[in-house]
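A.B. asks: requesting a structural model of the entry that follows:
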Amino acid sequence: MSVSSPFKMRLVHLDLKGAPPKVSYLAEVFPLFRALGANGLLIEYEDMFPYNGHLRLLRAKHAYSPSEIREILHLATLSELEVIPLVQTFGHMEFVLKHEALAHLREVALFPNTLSPHEAESLALVRTMIGQVMELHPGARWFHIGCDEVYYLGEGEASRQWLQQGQNNKAKLCLSHVKAVASHVLAQHPATTPLVWDDMLRTIPEDQLSASGVPQLVEPVLWDYGADLDIHDKALLMEKYRECGFSRLWAASAFKGATGASQALTPIEHHLRNHMQWLQVAGGGPADMLQGIVLTGWQRYDHFSVLCELLPVGIPSLAVCLQSLLRGGFAEDVKARVENFLGISNLEITDFTSEGAASFPGSDILALVTQVSLQLRSSVDALLERDRYVTGWFSHYHRRRRLIHPVMVQHIRPQVLSLLARWSALEQELQAALQRVFYPDAVEEWLEENMHPSLRRLQGLLQDLSEAAGPPPLLASPCPDTGQDP
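C.D. replies: Residues are numbered from 1 along each chain as shown. The predicted structure is shown next:
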């Protein structure tokens, strides 16, 4: 296959609202991203950006410092990766609106998802956030203002009153805020084009979208992460946007983080199919409209959800997807190239059992996470729920009453100790590997979510076993000899 992609820009999305990598790890993977075919990064900073002044409260505990942001941008430049910053400015504002000091800017008082578009302070807040991010990204050609999944829009009290006036509707409310934010970006940074996720625009009637002025201000990013996305529907949507006056469009696929909120291993086949569908969309859509594609790698579904696949776990999927976009498919020669890049002797895309000790940055994490995901819970289940000694002589009934035949302790305890020792040793190894890449809070969260529940089950069984067995029986003391006959 020849190197020819319909996507001029191929951006790897870094979702930093969960398990943000240390800068030292980014230094290792940026050259790999470039070698695989990426030429840009979409960095969704969320609470990892070093906001200052009255916005300092937005910073996460381990937020990057300004010097670290500059180092990230320098590393990206060395690898010829153009950086596009992303700041949510409407929906997915949980990291902002969760704070009591800013809660009055919520669209619905109970929910921190969406920013109220009616408050002047809301726009001032967004402008300040954009200004601080742009200050550290001088010369950025694009700036992503988010605006996806603006849940509960129109349900706040101020919105309800506004919607009762004249010709007002939710679409107008959405478009007016997007226009205000995009206009600010262009007024302050004329050489920077705003990008926006497209889902809130899809159902807006063409005439209303055209008349809003938004098509002259932003470039929509059409996102769909499904393995069976509707190619015809996407072509119609692209044509609609062209008719409305948008001059450029972007696509957004996913290489990880789109198949389950608590997914630990990346189903490569799903993501490969997603990218094959997007290649067909690009081939059949309006010519020269597609500026590029964002390969999203979600780390959380939202600010409050659990972690999904860690970045090192998703790198084989990213490699498959980037190379497929670059070469128009995933034939044997492309598979061989990916295996060479990753140091894997046989990459398996239909399950999680690739052969060979991979050599890409973070490959040790992938190997250990795979063991945990495929074997930890199943091995504990096998002992607690299918072992004949446990189920037959130390069931939940027995455990609650601390009843056990003493000989069964000798059958069960060695198995529990052996399994606990095996997984405790692996936990220590994985913890050390994770600490090289991630900050302590991410390491703690991943282990607590994915390992500790199973380890606690083993520890609980061991504790119940000890209590049921009780202390070893004491030998009866011989009676003192009194010298008298009985």
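A.B. asks: run the chain-centre distance for the longest helix along the chain.
C.D. replies: Ranked by residue count, the top helix of the chain under DSSP state H comes out as helix 406-437. Helix 406-437 has its C-alpha centroid displaced from the chain centroid by 29 Å (CA atoms, centre = their mean, to the nearest Å).
A.B. asks: other residues contacting the following helix or strand past it?
C.D. replies: Downstream of helix 406-437, the first helix or strand assigned by DSSP states H and E is helix 440-450. Contact partners of helix 440-450, identified using CB atoms under 8 Å, 6 or more residues apart in numbering, comprise 18-20, 61-62, 262, 264, 306-307, 310, 369, 372-373, 376, 427, 430-431, 434-435, 438. No exception for glycine: its C-beta is placed from N, CA and C like everyone else's.
A.B. asks: do that again at 10 Å, thanks
C.D. replies: 18-22, 60-62, 262, 264, 299, 306-307, 310, 365, 369, 372-373, 376-377, 427, 430-438, 452, 455 (CB atoms under 10 Å, 6 or more residues apart in numbering).
A.B. asks: after that helix, next one along is what?
C.D. replies: Helix 440-450 is succeeded, C-terminally, by helix 452-469 (DSSP H and E).
A.B. asks: relative to helix 440-450, how tilted is that next one?
C.D. replies: 60 degrees (axes from the mean of the first three to the mean of the last three CA atoms, to 10 degrees).
A.B. asks: quick check: mean pLDDT across helix 452-469?
C.D. replies: On average, the pLDDT along helix 452-469 is 97.
A.B. asks: just to check, K172 is in contact with S212?
C.D. replies: Yes. Using CB atoms under 10 Å, K172 is in contact with S212, at 7.8 Å.
A.B. asks: give me the more crowded residue out of the two.
C.D. replies: Each of K172 and S212 has its neighbours counted (other CB atoms under 10 Å); S212 has more, 21 against 17.
A.B. asks: for the stretch 101-250 of the chain, just list every one of the helices.
C.D. replies: 120-135, 157-163, 170-188, 206-211, 231-244 (DSSP state H, counting those that start in this stretch).
A.B. asks: next one: phi and psi at the residue nearest to L11 when sequence neighbours are not counted?
C.D. replies: Computed as CB to CB, 6 or more residues apart in numbering, the closest residue to L11 that is not its neighbour in sequence is G40, at 4.1 Å. G40 adopts backbone torsions of phi -160, psi 170, taken as degrees, to the nearest 10.
A.B. asks: show me what contacts G40?
C.D. replies: The contact partners of G40, by CB under 10 Å, 6+ apart, come to 8-13, 33-34, 76, 80-84, 141-142, 292, 294.
A.B. asks: filter the residues you listed to the buried ones?
C.D. replies: Neighbour-count burial (16 or more other CB atoms under 10 Å) is assigned, among the contacts of G40, to 9-13, 33-34, 76, 81-84, 142, 292, 294.
A.B. asks: quote the end-to-end distance of stretch 113-128.
C.D. replies: 19 Å (CA to CA, to the nearest Å).
A.B. asks: now it: buried residues?
C.D. replies: 113-119, 122-123, 125-127.
A.B. asks: can you check stretch 17-35 too?
C.D. replies: Buried, per 16+ other CB under 10 Å, within stretch 17-35: 17-22, 25-30, 32-34.
A.B. asks: looking at the residues you listed, which is nearest V178?
C.D. replies: For those, the residue nearest V178 by CB to CB is K17; the value is 21.5 Å.
A.B. asks: ok, the closest one - contacts?
C.D. replies: By CB under 10 Å, 6+ apart, the contact set of K17 is 44-48, 60, 88, 92, 94-95, 298-305, 307.
A.B. asks: the contacts of G40 in helices, which ones?
C.D. replies: The helices, defined by DSSP H, take in 33-34, 76 from the contacts of G40.
A.B. asks: would you list the residues you listed in CSV and tack on pLDDT and distance to G154?
C.D. replies: CSV is the format used below for these (pLDDT from 0 to 100; distance: CB to CB, whole Å):
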residue, pLDDT, distance to G154
F33, 98, 40
R34, 98, 43
A76, 98, 39
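A.B. asks: can you lay out the residues you listed as a markdown table showing distance to V178?
C.D. replies: Output for those, formatted as a markdown table (distance: CB to CB, whole Å):
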| residue | distance to V178 |
| --- | --- |
| F33 | 30 |
| R34 | 33 |
| A76 | 28 |
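A.B. asks: out of those residues, flag the one nearest to V281.
C.D. replies: F33 (23.1 Å).
A.B. asks: from I43, how far off is the closest residue to that closest one other than its chain neighbours?
C.D. replies: In space, and not counting its chain neighbours, F33 is closest to V12: 5.2 Å by CB to CB, 6+ apart. From V12 over to I43 the distance is 9 Å, taken as CB to CB, to the nearest Å.
A.B. asks: what is the rounded mean pLDDT of stretch 436-445?
C.D. replies: Across stretch 436-445, pLDDT averages out at 98.
A.B. asks: how far out from the middle of the chain is it?
C.D. replies: 15 Å.
A.B. asks: what comes up buried for that stretch?
C.D. replies: In stretch 436-445, counting by 16+ other CB under 10 Å, buried: 437-439, 442-443.
A.B. asks: got TSV for those, with distance to Q167 too?
C.D. replies: As requested, those are exported to TSV (distance: CB to CB, whole Å):
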residue	distance to Q167
V437	53
F438	51
Y439	50
A442	48
V443	53
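A.B. asks: tell me the one of those residues nearest Q161?
C.D. replies: Looking across the buried residues of stretch 436-445 and measuring by CB to CB, the closest to Q161 is A442, at 42.8 Å.
A.B. asks: for L73, what are its contacts?
C.D. replies: Listed by CB under 10 Å, 6+ apart, the contact set of L73 reads 41, 43, 81, 83, 85, 136-138, 140.
A.B. asks: what about it, distance to V83?
C.D. replies: 6 Å.
A.B. asks: how about P316?
C.D. replies: 24 Å.
A.B. asks: got it, and G362?
C.D. replies: Applying CB to CB to G362 and V83 gives a distance of 21 Å.
A.B. asks: leaving out chain neighbours, which residue sits closest to M9?
C.D. replies: The nearest residue in space to M9 (CB to CB, 6+ apart) is G292, at 2.6 Å.
A.B. asks: could you report the pLDDT at the one you found?
C.D. replies: Reported pLDDT for G292: 97.
A.B. asks: where does the chain dip in pLDDT?
C.D. replies: Where the chain drops to pLDDT under 70, the residues are 1-3, 287, 354-356, 472-486.
A.B. asks: closest to the centroid, which residue in it?
C.D. replies: In the chain, the centroid-proximal residue (CA atoms, centre = their mean) is Q299; its distance is 1.3 Å.
A.B. asks: not counting its neighbours along the chain, what's nearest it?
C.D. replies: Distances taken as CB to CB, 6+ apart put G18 closest to Q299, at 3.7 Å, once the chain neighbours are dropped.
A.B. asks: now do that neighbour against L434, distance only.
C.D. replies: On the measure of CB to CB, G18 and L434 end up 13 Å apart.
A.B. asks: now do I231
C.D. replies: For I231, the distance to L434 - CB to CB - is 39 Å.
A.B. asks: and L209, by the same measure?
C.D. replies: Remark: distance between L209 and L434 (CB to CB) = 45 Å.
A.B. asks: helix, strand or coil for R399?
C.D. replies: helix (DSSP: H, G, I helix; E, B strand; the rest coil).
A.B. asks: contacts only, for it.
C.D. replies: With CB under 10 Å, 6+ apart, R399 has these contacts: 390, 460-461, 463-465, 467-468.
A.B. asks: re the thing from before, so the residue nearest to the centre of the chain is in contact with D15, correct?
C.D. replies: Yes. Assessed by CB under 10 Å, Q299 is found in contact with D15 at 4.2 Å.
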